[in-house]
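Asks: Here's my sequence, what's the structure:
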Amino acid sequence: MLSPSDPAHAPMPSRPRRRPAQWLWLLAAVPLAALLALVAGFALFVAGIEGRDAQAGRRADGIVVLTGGSERIAEATNLLLEGRGKRLLITGVHPDTTLDEIMRTVPATREALECCVELGRAALNTQGNAIEAGEWAKAHDFRSLLVVTSAWHMPRALVELRRTTPGITLVPYPVVPRRAAEGGPPTLAGLRLLAVEYVKFLAASLGVRAWPAVTSQMRETGRLPPP
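Replies: Model (predicted):
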């Protein structure tokens with residue numbers, strides 16, 4: 001028979017109870033860690049944008065420019081005129097915008113634009129841009145694309161495009177607005193823009209879908225509407 005002094009009968013040591021202050025510290029540490037991770041991610045996001053240099057001399061089968069600024073379209077048109085791609089898709093064009101109106105904003109002849117430029121009117125947002133570009137590249141059997149959009153928009157655009165262009169090489173060609181290219185400290189509006197874009201980039205990376213992404217005509221037919 002075991003005696004009361006036997007180790008098997010020894011009372012189990014009680015765990016120390018956490019004090020209320022310790023629980024409060026733990027509750028505060030979780031959101032603080034999440035906030036620090038968010039801030040660190042934002043810093044990396046901004047640094048990545050600043051480090052995205054244009055792909056000098058790179059060529060591709062096609063060129064895709066996402067609308068949102070006249071500088072983007074002008075840059076994409078210059079790439080086409082330099083022979084950096086066979087054709088150019090301007091995705092996200094307003095239904096009422098004509099080729100004549102675009103001609104007034106770019107340094108290209110009517111012949112060059114009518115020959116090799118297509119206006120995509122199906123996209124309603126960045127996800128739609130990617131769907132439209134994917135269908136366009138598939139229709140032309142392109143295996144590589146020069147992607148033209150603003151530098152701050154490029155990370156999210158590439159996330160969406162990689163989902164709709166499997167097997168296609170994407171070559172980013174970021175456009176830096178003239179004000180940002182001139183240097184100087186970032187403005188409050190600029191930081192707000194980057195913060196909003198960072199949140200959208202995280203949502204796109206997590207697969208959060210915007211709806212609708214394309215016009216009803218493309219949703220119903222599964223094909224691009226005529227230019």
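Asks: Excluding chain neighbours, give the residue nearest to the residue positioned nearest the centre of the chain in space.
Replies: In the chain, the centroid-proximal residue (CA atoms, centre = their mean) is residue 156; its distance is 1.1 Å. Once flanking residues are discounted, residue 156 sits nearest to residue 201: 4.5 Å by CB to CB, 6 or more residues apart in numbering. Bear in mind the C-beta positions are built from the backbone N, C-alpha and C, glycine included.
Asks: Next up, the contacts around the one you found.
Replies: Residues near residue 201 by CB atoms under 8 Å, 6 or more residues apart in numbering: 45, 155-156, 159.
Asks: so which one among the residues you listed has the lowest pLDDT?
Replies: Scanning those for pLDDT, the low point is residue 45. It has 81.
Asks: Can you report how many residues lie near it?
Replies: Residues near residue 45, counting by other CB atoms under 10 Å, number 17.
Asks: Residue 117 now?
Replies: Using other CB under 10 Å, residue 117 has 23 other residues around it.
Asks: Next one: it relative to residue 137, how far apart?
Replies: Separation of residue 117 from residue 137 (CB to CB, to the nearest Å) stands at 15 Å.
Asks: Confirm residue 128 sits in a strand?
Replies: No: Residue 128 is assigned helix when assessed by DSSP: H, G, I helix; E, B strand; the rest coil, not a strand.
Asks: going on from the worst-scoring helix or strand of the chain on mean pLDDT, what's the next piece of helix or strand?
Replies: For the chain, counting by mean pLDDT, DSSP states H and E, helix 178-181 ranks last in confidence among helices and strands (a mean of 54). Note on helix 178-181: by DSSP states H and E, the next helix or strand toward the C-terminus is helix 188-205.
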